[in-house]
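Participant: okay, here's the prediction I keep looking at, along with the sequence it came from:
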Amino acid sequence: MGTNPLTSYIITIVSSLFGAVLVVQVFLYFTRSQWGKFGTCLAGAAVAAFCIIKTDQAIDILSVLGTKIVSIFPV
């Protein structure tokens, strides 16, 4: 699937911002010893890292998910 370069830039920027917010949240959870939320943040960070590193695959996955979600609702 051919991707629009603008889409790659947008996903990279949004994922980077998401990662920065996660770093702050992880630090706050770590200082408060909230390990459940810490694990959730690590999982979110893994997803953000995947979107940054494998942008084309992330776009393909999101496209398939979007298509499946939209196909559930009849027009």
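Facilitator: On my side now, so go ahead.

Participant: burial count for residue 74?
Facilitator: As a burial measure, residue 74 scores 4 neighbours (other C-beta atoms under 10 Å). Heads up, the C-betas are built off the backbone N, CA and C, glycines and all.

Participant: next, it: secondary structure please.
Facilitator: Following DSSP: H, G, I helix; E, B strand; the rest coil, we place residue 74 in the coil state.

Participant: residue 9 versus that one, what's the distance?
Facilitator: 35 Å (C-beta to C-beta, to the nearest Å).

Participant: what's the answer for residue 34, then?
Facilitator: For residue 34, the distance to residue 9 - C-beta to C-beta - is 34 Å.

Participant: neighbour count: these two, which is higher?
Facilitator: The neighbour comparison of residue 34 against residue 9 (other C-beta under 10 Å) goes to residue 34, with 14 against 11.

Participant: so how far is residue 68 from the one residue sitting closest to the centre of the chain?
Facilitator: With distances taken as C-alpha atoms, centre = their mean, residue 48 lies nearest the centre of the chain, 3.9 Å away. According to C-beta to C-beta, residue 48 stands 22 Å off from residue 68.

Participant: could you do residue 8 as well?
Facilitator: Taking C-beta to C-beta, one finds residue 8 at 22 Å from residue 68.

Participant: comparing these two, which shows the higher neighbour count?
Facilitator: Comparing residue 8 with residue 68 by other C-beta under 10 Å, the one with more neighbours is residue 8, at 14 against 9.

Participant: now the helices: where do they sit in the protein?
Facilitator: Taking DSSP state H as the criterion, the chain carries its helices at 5-32, 35-53, 55-72.
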